[in-house]
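> Using only what follows, build the 3D model:
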Amino acid sequence: MESGPPPTLEDLAQRYYSPDDPSLKGAGYLRAYTRLLEPRRQEPLAILELGVSTGASLLSWHDYLPNATIIGIDIEPPPARVVGVARVHVLQGDQADPALLDQAAAIVGRPFDLIIDDASHFGHLTKRSLHYLFPRLLAPGGWYVIEDFGTGFLPHYADGTVYAPPDWTDAQPHTREYRSSQFGMVGIVKQLIDAMMQEVATGARSYLAIERLLIEPNIVFIEKSRQPGAPWPGPMPDKPRLPEPPDDLRVRLDEHAARLAELERVVSRLRRVLAPVLWLRRSLRK
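Down below sits the predicted model:
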């Protein structure tokens, strides 16, 4: 039985992450999670993390929150180190698969208090997960966290691009639109402002019932309102759904989805293979 003060998230990061693990949560992330979770450490929280990687984060949540149930979802098989750990469950599959997300919620038997997206870092998958989980499977007052949204500034990502600073010369009379990057997950995060402001701007409540946003470097915390959101409105009127594709096109779309899933697996493997190089790079910068 451990004696002394309970471990901090920084302690647990040192315990479970190897120094060259590219999935290591940065110091800023750990401080933000500490501010959020420290007052609730003894509560029987329900936590879902999309993206398991080495399993270090699941073990950290397990030790930091001794009464919480932690569910992980990853496209890869569960790491051996988390298999059989009490209060930790790992499901294999696509982060945007509604059936799998429902299965995760069924394990805890109630909505989640905290959902963390540290999975593919592709905008379309991130948005699908958010729009399914936030209205349905996140508890009122709960938090939805999107990590590493800065992949929208990485040109080697399929939906990323080279970072370009906002135009500081557009502070001119009659300027109405202030343009900025909308690529990948960066664009997803910026759309959250529109969803949060919908009721103020139109009087109609959004189906994403956002109480507030806390945006920090490369990570965003989204608090769900305790007041219910509106029902899902269906397709936007000015953007009708496309007609059903012909069978041969549907096959090609299925093949494209399979290639995206394989790309997600490759990115996951590359992060692990390149870990020593990234560690050396960080060390040389110190």
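> which parts of whatever helix or strand residue 60 lives in are buried?
Of the helices and strands defined by DSSP states H and E, residue 60 is found in helix 56-64. Buried residues in helix 56-64, counted by 16 or more other Cβ atoms under 10 Å: 56-62, 64. For the C-beta atoms, the positions are set from N, CA and C on the backbone; glycine is no exception.
> quick check, nearest of the residues you listed to residue 224?
Sorting the buried residues of helix 56-64 by distance to residue 224 puts residue 61 at the head of the list, at 19.3 Å, by Cβ to Cβ.
> correct me, but residue 63 touches residue 12?
Yes. The criterion here is Cβ atoms under 8 Å, and residue 63 meets it with residue 12 at 5.4 Å.
> Determine the number of other residues adjacent to the nearest residue to residue 160 once chain neighbours are set aside.
Taking Cβ to Cβ, 6 or more residues apart in numbering, and ignoring the residues beside it in sequence, residue 160 has residue 154 as its nearest neighbour in space, at 4.1 Å. A count of neighbours around residue 154, defined by other Cβ atoms under 10 Å, yields 18.
> Residue 75 too?
Each residue near residue 75 was counted by other Cβ under 10 Å, and the total is 20.
> quick one, phi psi at it?
Backbone torsions for residue 75, taken as degrees, to the nearest 10, come to phi -70, psi -20.
> how long is stretch 82-93 end to end?
With Cα to Cα, to the nearest Å applied, stretch 82-93 spans 16 Å between its terminal residues.
> What of stretch 36-46?
Terminal residues of stretch 36-46 are spaced 14 Å apart (Cα to Cα).
> Just the element for residue 36, please.
Mapping residue 36 onto the secondary structure by DSSP H and E places it in helix 27-37.
> Next: residue 126.
helix 123-137.
> What lies in contact with the helix holding residue 60?
Here helix 56-64 makes contact (Cβ atoms under 8 Å, 6 or more residues apart in numbering) with 6-7, 9, 12-13, 15-17, 21, 23-25, 37, 41, 47, 49, 52, 68, 70, 72, 81-82, 85-88, 90, 116, 118.
> can you rerun that using 6 Å?
Contact partners of helix 56-64, identified using Cβ atoms under 6 Å, 6 or more residues apart in numbering, comprise 9, 12, 16-17, 47, 70, 72, 82, 88.
> Tabulate those residues (a markdown table), appending secondary structure.
As requested, those are exported to a markdown table (DSSP: H, G, I helix; E, B strand; the rest coil):
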| residue | secondary structure |
| --- | --- |
| 9 | helix |
| 12 | helix |
| 16 | helix |
| 17 | coil |
| 47 | strand |
| 70 | strand |
| 72 | strand |
| 82 | helix |
| 88 | strand |
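> In PyMOL, how would I select the buried members of those residues?
Applied in PyMOL, the following selects the buried portion of the contacts of helix 56-64 according to 16+ other Cβ under 10 Å:
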select buried, resi 9+12+16+17+47+70+72+82+88
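> Please enumerate the helices of the chain.
Using DSSP state H, the helices of the chain run over 9-16, 27-37, 56-64, 98-108, 123-137, 184-202, 247-273, 275-285.
> what comes up buried for the fourth one?
In this case it means helix 98-108. Buried residues in helix 98-108, counted by 16+ other Cβ under 10 Å: 101, 104-105, 108.
> now swap in stretch 201-213 and tell me
By 16+ other Cβ under 10 Å, the buried positions in stretch 201-213 come out as 206-210.
> Pull the contacting residues for residue 237.
If you count contacts by Cβ under 6 Å, 6+ apart, residue 237 has none.
> From residue 124, how far out is it?
Distance, residue 237 to residue 124, by Cβ to Cβ, to the nearest Å: 22 Å.
> so residue 81 sits right up against residue 55, yeah?
Yes. Judged on Cβ atoms under 6 Å, residue 81 makes contact with residue 55 at a distance of 5.0 Å.
> between those two, who's got more neighbours?
Using other Cβ under 10 Å as the criterion, residue 81 and residue 55 rank with residue 55 on top: 22 against 13.
> and the more buried one, what is it in contact with?
The neighbourhood of residue 55, defined by Cβ under 6 Å, 6+ apart, consists of 79, 81-82.
> for residue 81, what are its contacts?
For residue 81, the contacting residues are residue 55, taking Cβ under 6 Å, 6+ apart as the criterion.
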